[in-house]
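> model this:
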Amino acid sequence: MAAYNSIDNTNADYVCDGTDDQVEINTAINDLPSIGGSIYLREGTYVLSGDIIISKSNVALVGAGASTVIKIRDSHNVNINMIYASGQSKLLIRDLCIDGNKANQSWVTMNGIYFTSVEDSKIVNCQVENLKSNGICLLSSSDYNAITNNTCRDNAWFYGIQLESSSHNTIRGNTCERNYYTGIYVRSSYKNTIIGNICQENESFHGIHLQSSNDNTVTGNICQENGDKGIGGSGSHNTISSNIVKDNRNGGIGLSGSNTDYNTIIGNNIQGTLGHIFLMSGADNNTVSGNICVGIFLLANSNSNTIDSNTCQRIYLDRASNNTIDSNTCLGSSQNGIYLDERCDNNTISSNTCGSHARHGIYLDDDCDNNTISSNTCFNNSGAGVGTYDGICVDDDCDSNLIASNHCFATNGKQNYGINIATANCDLNKLTANYCYGNVAGSISDSGTGSILEISQSGLAQNLVPIDSSGLKEHTITFPVPFVKVPRVTANLTNPDDPSAIAYVVWIKSVTTDDFTVICNVTTASSTAGDNADVAWFATLETE
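Residues are numbered from 1 along each chain as shown. As a prediction, this is how the structure comes out:
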């Protein structure tokens, strides 16, 4: 088939005249045998005033690439699906430029490729652009299709690629850019694979949007500079993995909704000022693991999620309960490292590293109860001011939390307390086996009511013994916070400059709830540390 302006129309079975060219193309399709066949469109421009209708299965509509242009006529201003098929299978649309000519149309529905109930078909290497509506649409049980290596751009109203109520499709290697809403939109669809696409500069919404869609795989895509999030939406049992998401207007990856459950967000690289991961509005039982991002946010009754092994600046929970926050590295934010804010209950915050934040390393505020804060390392926080913020702070009516086996220390001369129960309306919090040292104001501060302090000064460090002479030396060490009952104490002395240079023998003389006294026998003097050098004291405390 040749266009009116094809360089050579010799031996073409059909030659279009540049007006109503869909008539000749549809005639060619209808003239194919019932088993189908191929139609080759030579280079040139084919001008449409109506749909190209693929009326049978096993039909290939193939062009010469970008030089084969199918275009809506000027001022058509009537609804149109430029290439349309319904109920067919094994179709091939390849190597075409499909131009909606939007600058010369009014606001009507104009789609590029529009398939309903089409199966086992392929759309390959097409440019679909300048439509008033959508670029490529697969709707109404269009299953087992492949949309590969197409460019869908500058479509004025909706999506670059749209899947709706369709399954088992593969969308691979496409570029969807500068569409008004979303690059790739998947609604009420399941078991589709969206892989290796570039979705960028889509104006109003996400690069990739899953809406009420389940069991899909979104992997290896680049989503950047979109109007909302890079990847967003709702649904369950989706896997979002190994995507590069950067510089989107309202965040990196965001899932929300009461039926947004059991999704896995893993191994994504999320960049930009708002390079966050969001679980919102009842998103439960999801896993966020191994991502690199700026922040992770669990908001508005997003419960029972697992957030583990991520590298980020901060993690924020608001009205989120029964979540597990484990083994994350949170460094260098202008806020708190991990922040539980307002009615966050029964969460487990364990084995995280929270350091070099402007504010607290871990902060519980405003009625957050029954949380477990254990085995975390919080160091060199309070960058915003000396003695202002703590390693771990429990504040404002946060009750019955367990704070156990955390390591809270400072070498920056700024972190206030290692652990701080900050207000009297914090009731019945339990501190046990925490290791705090080097903090500006002290290891532990308890302004709460009915706090239980057990083994909470393990690793108490003091500079005790000048090593300029041998002999017996007696020292009393006061606990930063008194114990409720007398602890058991074991102790040793070390020289951080030359650990092998000095041998010490230590006796515990007496222990009370307020202090303990030791007798140290300094048996050897150091020849390298110098006179009056300090030796560090480390005490391990246990309850009776």
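
> Tell me where the stretch 1-150 of the chain has helices.
With DSSP state H, counting those that start in this stretch as the criterion, the stretch 1-150 of the chain has helices at 22-31.

> give me the low-pLDDT residue ranges for it?
Judged against pLDDT under 70, the stretch 1-150 of the chain has no low-scoring part.

> Also the chain?
In the chain, residues with pLDDT under 70: 454-473, 475, 479-485, 488, 490-506, 520-544.

> Tell me how far the residue nearest the centre of the chain lies from residue 99.
In the chain, the C-alpha closest to the average C-alpha coordinate belongs to residue 277, at a distance of 3.2 Å (C-alpha atoms, centre = their mean). Going from residue 277 to residue 99 by C-beta to C-beta, to the nearest Å gives 38 Å. To be clear about C-beta, it is placed using only N, CA and C from the backbone, and glycine gets the same treatment.

> ok, now residue 251?
34 Å.

> Equivalent analysis for residue 402, please.
Between residue 402 and residue 99 the computed distance is 64 Å (C-beta to C-beta).

> Then residue 224?
From residue 224 to residue 99 the distance is 25 Å (C-beta to C-beta).

> Touching, residue 270 and residue 295? I think so.
No - with contact taken as C-beta atoms under 8 Å, residue 270 and residue 295 are classed as non-touching, separated by 9.2 Å.

> Quickly list what's touching both of the two.
Counting by C-beta atoms under 8 Å, 6 or more residues apart in numbering, the shared contacts of residue 270 and residue 295 are 276, 277.

> circling back to that earlier point, out of residue 402 and residue 99, which sits in the busier spot?
Between residue 402 and residue 99, residue 99 has the larger neighbour count (other C-beta atoms under 10 Å), namely 22 against 16.

> partner residues bridging the closest residue to the more buried one other than its chain neighbours?
Nearest non-adjacent residue to residue 99, counting by C-beta to C-beta, 6 or more residues apart in numbering: residue 71, 4.3 Å away. Beta-bridge pairing for residue 71 (DSSP bridges): residue 47, residue 99.

> what sits against residue 71?
Residue 71 is in contact with 45, 46, 47, 48, 99, 100, 101, counting by C-beta under 8 Å, 6+ apart.

> out of the residues you listed, who's nearest residue 420?
Minimum distance to residue 420 across the contacts of residue 71 is 62.0 Å, recorded for residue 100 (C-beta to C-beta).

> Is it correct that that closest one is in contact with residue 72?
Yes - in this structure, residue 100 is within contact of residue 72 by C-beta under 8 Å, at 5.6 Å.

> who touches both of these two?
82, 110.

> what's the burial count for residue 228?
Count around residue 228 with other C-beta under 10 Å applied: 19.

> now do residue 401
Applying other C-beta under 10 Å, we find 27 residues neighbouring residue 401.

> Would you mind confirming that it is in contact with residue 372?
Yes - using C-beta under 8 Å, residue 401 is in contact with residue 372, at 7.3 Å.

> Mind splitting this protein into its structural domains?
Using automatic domain parsing, the domain parsing of the chain gives 313-456, 460-543.

> on that earlier part again, and the residue nearest to the centre of the chain, backbone torsions?
Torsion angles at residue 277 (phi, psi; degrees, to the nearest 10) stand at phi -110, psi 130.

> Would you mind stating the distance between it and residue 368?
Distance, residue 277 to residue 368, using C-beta to C-beta: 21 Å.

> cool, residue 264 as well?
Taking C-beta to C-beta as the measure, residue 264 falls 27 Å from residue 368.

> Give me the more crowded residue out of the two.
A direct count of neighbours by other C-beta under 10 Å for residue 264 and residue 368 places residue 368 higher, at 29 against 16.

> ok, so what distance separates the more buried one from residue 157?
Distance, residue 368 to residue 157, by C-beta to C-beta: 45 Å.

> Could you do residue 328 as well?
Separation of residue 328 from residue 157 (C-beta to C-beta): 41 Å.

> Same drill for the two, tell me which one is more crowded.
Just comparing residue 328 and residue 157: by other C-beta under 10 Å the higher neighbour count belongs to residue 328, 28 against 17.

> about what we covered before: isn't the residue nearest to the centre of the chain up against residue 289?
No - counting by C-beta under 8 Å, residue 289 is not a contact partner of residue 277; they are 10.6 Å apart.

> Name the residues contacting each of those two.
Listed contacts common to residue 277 and residue 289 are residue 265; contacts here mean C-beta under 8 Å, 6+ apart.

> Would you mind listing the buried residues in stretch 181-190?
Neighbour counts over stretch 181-190 (16 or more other C-beta atoms under 10 Å) mark 181, 182, 183, 184, 185, 186, 187, 189, 190 as buried.

> typo on my end, stretch 362-374
For stretch 362-374, a neighbour-count test (16+ other C-beta under 10 Å) marks 362, 363, 364, 365, 367, 368, 369, 370, 371, 372, 373, 374 as buried.

> can you give me the end-to-end distance of that stretch?
11 Å (C-alpha to C-alpha, to the nearest Å).

> Stretch 95-108 now?
Stretch 95-108 has an end-to-end distance of 26 Å (criterion: C-alpha to C-alpha).

> Please identify the buried residues of that stretch?
So for stretch 95-108, counting by 16+ other C-beta under 10 Å, buried means 95, 96, 97, 98, 99, 100, 101, 102, 105.

> JSON lines for those residues, including distance to residue 346?
As requested, the buried residues of stretch 95-108 are exported to JSON lines (distance: C-beta to C-beta, whole Å):
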{"residue": "95", "distance to residue 346": "58"}
{"residue": "96", "distance to residue 346": "57"}
{"residue": "97", "distance to residue 346": "57"}
{"residue": "98", "distance to residue 346": "54"}
{"residue": "99", "distance to residue 346": "57"}
{"residue": "100", "distance to residue 346": "53"}
{"residue": "101", "distance to residue 346": "58"}
{"residue": "102", "distance to residue 346": "53"}
{"residue": "105", "distance to residue 346": "56"}
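
> from those residues, which is closest to residue 408?
residue 102 (60.0 Å).

> so that closest one sits right up against residue 134, yeah?
No - taking C-beta under 8 Å as the definition, residue 102 is not a contact partner of residue 134, at 12.0 Å.

> joint contacts of these two?
Common contacts of residue 102 and residue 134 (C-beta under 8 Å, 6+ apart): residue 155.

> circling back: and which of the buried residues of stretch 95-108 is nearest to residue 378?
residue 102 (55.4 Å).

> Starting from residue 384, give me the distance back to the closest one.
Per C-beta to C-beta, residue 102 is found 51 Å from residue 384.

> same deal with residue 175?
43 Å.

> again with residue 252
26 Å.
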